[in-house]
Structure formats: structure tokens, C-alpha cells
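**Q** quick check, what structure comes out for this input:
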Amino acid sequence: MMSNAFRALILAVVVLPLHAAAEEPVTHLIQSELFEVIENGAVSNKRISLDVSALKKDGVSWAECRFVVITIDSEKKRLNVDTFSASTDSQTIRDLKVEKDVLSFEMIPFALAPDRPIRIVATRKGWSYNVSAVALWPGLIEKTKSVKTEWKQVPAITLPYTTISR
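**A** This next block holds a predicted model:
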């Protein structure tokens, strides 16, 4: 039969260090990544600027995503700008995975359309990221037809107009 002192020694030497060795925090900071929006294989009139912050510490993950949609209105020769956000706090980011070199999640950016999630996958390459975003949504008018939306990462966005309006 082991003595209490011996049990305490085993606990202190073997078991406690296993719990004390907390994992190293993992952070991701993606700033101003730019995209063209491709809808059903064709470049649309929308452009995106994306920011993402994510953290995994002690087994708990958190993320926040903000993006700006710039819509080119060729008829009125102007740009429309709308901002959107999603976060784990507001439960509009789900299925979050934060790893050393990969960040992935599904976000619901439009509060009035929870059935239209976007899947984001970001792979870290040094200090930069390769980011992809894909969604497959039912059509707004014809529900039986699907709309495939992709965000194609680009190094720059050239806009045809200088006027921005709401």
C-alpha cells in the first residue's frame, strides 16, 4: 500500500506537469485582403476587403471577421459601400478551427439570411495569407437553382468611379 506522501510525490512529479504545460496561443490577423466576387463562374460587380482576427488559447477559440462590399453601379456611375461583420461572440461564426498555419470557419454575414453562410479558409505563408471563400446558396427567385459564389483573392482592386454613395 502506497503512503500518502508517496502518492503526493507521484502527483507532483508526473501528473501536475501534464496539466501545467498549457498550449502556446495561436493568433491570426488578416488585414485588408482584397477579392473579386465570382458568381456562377463570372466576375460580378462586387469587390471585397476582408479583415479577420482569431485566437486560440488554452483550447478556447475566438474569431471576428469584418468585410466591406464595394458594389460597382455602372448605371449611376458610382460605387456603393456596405460593411458586414461576424463573430463567435454573436454566433455568426461557427465551425471555427484555429491552427498554427490554417484558419477556417463558416460565417453568416447577413443577419436576414442565415441560410447563406460563407466558408472561409486561410493558409498562412510567412506573414501573408492565401484566403479562399466559397458559398453555395439557393437562388433568390428560383429556389431550385443554386448560386455558387467565390471570393477570388487579388493583389489590388481597380475601381472605375470615384464617387461613393449609399
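**Q** so the residue most central in space within the chain is in which element?
**A** Per CA atoms, centre = their mean, the C-alpha nearest to the average position across the chain is that of I120, at 4.9 Å. Element membership of I120, judged by DSSP states H and E, is strand 118-125.
**Q** how many other residues sit next to Q91?
**A** 9 (other CB atoms under 10 Å). Heads up, the C-betas are built off the backbone N, CA and C, glycines and all.
**Q** which of the helices or strands spans it?
**A** Assigned by DSSP H and E, Q91 belongs to no helix or strand.
**Q** wait, what's in contact with it?
**A** Counting by CB atoms under 8 Å, 6 or more residues apart in numbering, Q91 makes contact with nothing.
**Q** any idea how far it is from A111?
**A** According to CB to CB, to the nearest Å, Q91 and A111 sit 11 Å apart.
**Q** quickly list what's touching both of the two.
**A** Common neighbours of Q91 and A111 are not found (criterion: CB under 8 Å, 6+ apart).
**Q** secondary structure element for the residue lying closest to A63 once chain neighbours are set aside?
**A** Nearest residue to A63 in three dimensions, chain neighbours excluded: A54, at 4.0 Å (CB to CB, 6 or more residues apart in numbering). Assigned by DSSP H and E, A54 falls within strand 42-57.
**Q** buried residues of whichever helix or strand comes after that strand, list them for me.
**A** Next in sequence after strand 42-57, counting helices and strands by DSSP H and E, comes strand 60-73. By 16 or more other CB atoms under 10 Å, the buried positions in strand 60-73 come out as 61, 63-65, 67, 69-70, 72.
**Q** pull strand 60-73 out as CSV, backbone CA atoms only.
**A** Taking Å, rounded to 0.1, in the frame of the first residue of the first chain, the C-alpha atoms of strand 60-73 are listed here in CSV:
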residue,chain,number,x,y,z
VAL,A,60,-10.7,28.0,-26.5
SER,A,61,-11.1,29.7,-29.9
TRP,A,62,-12.5,33.1,-30.8
ALA,A,63,-12.8,35.0,-34.1
GLU,A,64,-14.1,38.2,-35.5
CYS,A,65,-14.5,39.0,-39.2
ARG,A,66,-15.2,42.3,-40.8
PHE,A,67,-15.6,43.0,-44.5
VAL,A,68,-16.6,45.7,-46.9
VAL,A,69,-18.5,45.0,-50.0
ILE,A,70,-17.9,47.6,-52.8
THR,A,71,-20.6,47.3,-55.5
ILE,A,72,-19.9,48.9,-58.8
ASP,A,73,-23.1,50.7,-60.0
